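A.B. asks: got a predicted structure plus its sequence, pasted below:
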Amino acid sequence: MTEITVSAERLSHWFGQGETRKQALFDVSLALPRGSFTVLMGPSGSGKTTVLTLLGCLRAVQAGSVRLLGHELHGAPEPHLVALRRRLGFIFQMHNLHESLTAAQNVIMGLQVHPGVPDATARAAAAQVLGLVGLSDRIDYLPANLSGGQKQRVAVARALVGNPALVLADEPTAALDKDTAAGVVDLLKRMGAARGTTTLLVTHDNRILDRADRILTLEDGRIVKVEDRA
């Protein structure tokens, strides 16, 4: 039986209160098998980021069910959600690196959710994952001395350094050229295959669709198409 990393059943969500309350998601159901690479597409305002934040314990589930790593999120207390977030990796369109920290130091920040990791162990882990993203020779560089593609690879390394069960990526290739974008996506796929890491990537980027195992299309808060490519 296929192990499911995260699933949603009839997930709905609203923003606002009273007369301004507006429904953003309508009965969204999905399941992401362990190690899979899924792309979530749709126009701006369709609810893609809302789905991502609900699956990643960044918003409270209002209606429906989300099961993450075997745990129900609907109604879960905040300490429980915090513990689950520590098992996830997040990548965003903007790399959000600290300009005063080196590449290695930025990656080490991804381990701060795991208290008690010795400094030497953290440094070694950062060096290893930076090597995996092709930045072994840039470990001690500040972001100002890195290209846009290199900065995004540091952000990917930061997300992966804690060996997360699930990576949630919001438009991570939007600001990258075609070759760099393909490299970032291929890296996420390799890590998924090697470590069993599940990836959900939100994108408008048609250039990377051929890498996906599955493509989900969201329109007006509803999944309107599911395309399996694996």
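C.D. replies: It's in.

A.B. asks: ranges for the strands of this protein?
C.D. replies: With DSSP state E as the criterion, the chain has strands at 4-15, 22-33, 37-41, 63-68, 71-72, 88-92, 166-170, 198-202, 214-219, 222-228.

A.B. asks: pick the most deeply packed of those strands.
C.D. replies: By mean neighbour count, with neighbours taken as mean count of other C-beta atoms under 10 Å, strand 198-202 ranks first of the strands of the chain at a mean of 25. Any C-beta I mention is one placed from the backbone N, CA and C, and that applies to glycine too.

A.B. asks: okay, the angle between it and strand 166-170?
C.D. replies: 10 degrees (axes from the mean of the first three to the mean of the last three C-alpha atoms, to 10 degrees).

A.B. asks: which residues are contacting strand 198-202?
C.D. replies: With C-beta atoms under 8 Å, 6 or more residues apart in numbering as the test, strand 198-202 has contacts from 5-6, 32-41, 48-49, 51-52, 55, 165-172, 185, 188-189, 192, 208, 212.

A.B. asks: looking at the strands of the chain, which is closest to residue 115?
C.D. replies: Distance to residue 115, taken as C-beta to C-beta, is lowest for strand 88-92 among those, at 16.4 Å.

A.B. asks: contacts for the closest one?
C.D. replies: Against strand 88-92 from outside (C-beta under 8 Å, 6+ apart): 56-57, 110, 155-156, 159-160, 162, 164-172, 197.

A.B. asks: could you tell me which of these belong to helices?
C.D. replies: 155, 156, 159, 160 (DSSP state H).

A.B. asks: can I get the strands of the chain in CSV with mean pLDDT and distance to residue 141?
C.D. replies: CSV is the format used below for the strands of the chain (pLDDT from 0 to 100; distance: least, C-beta to C-beta, whole Å):
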stretch, mean pLDDT, distance to residue 141
strand 4-15, 96, 33
strand 22-33, 96, 34
strand 37-41, 94, 29
strand 63-68, 97, 35
strand 71-72, 96, 39
strand 88-92, 88, 20
strand 166-170, 93, 23
strand 198-202, 94, 26
strand 214-219, 95, 35
strand 222-228, 94, 39
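
A.B. asks: from residue 156, how far off is residue 101?
C.D. replies: 16 Å (C-beta to C-beta, to the nearest Å).

A.B. asks: ok, the two, which is more surrounded?
C.D. replies: Using other C-beta atoms under 10 Å, the more surrounded residue of residue 101 and residue 156 is residue 156, with 28 against 15.

A.B. asks: which residues touch that one?
C.D. replies: 91, 133, 172, 184, 187, 188.

A.B. asks: one more pass at 6 Å, please.
C.D. replies: 91, 133 (C-beta atoms under 6 Å, 6 or more residues apart in numbering).

A.B. asks: who is the residue nearest to the spatial centre of the chain paired with across the strands?
C.D. replies: Computing the C-alpha centroid of the chain and ranking residues by C-alpha atoms, centre = their mean puts residue 168 first, at 1.4 Å. In this structure, residue 168 bridges to residue 90, residue 200 when assessed by DSSP bridges.

A.B. asks: which residues touch it?
C.D. replies: 52, 56, 90, 200.

A.B. asks: try residue 24
C.D. replies: 13, 15, 47, 50, 221.

A.B. asks: would you mind measuring from the first one to residue 185?
C.D. replies: What it means is residue 13. To residue 185, residue 13 is 27 Å away according to C-beta to C-beta.
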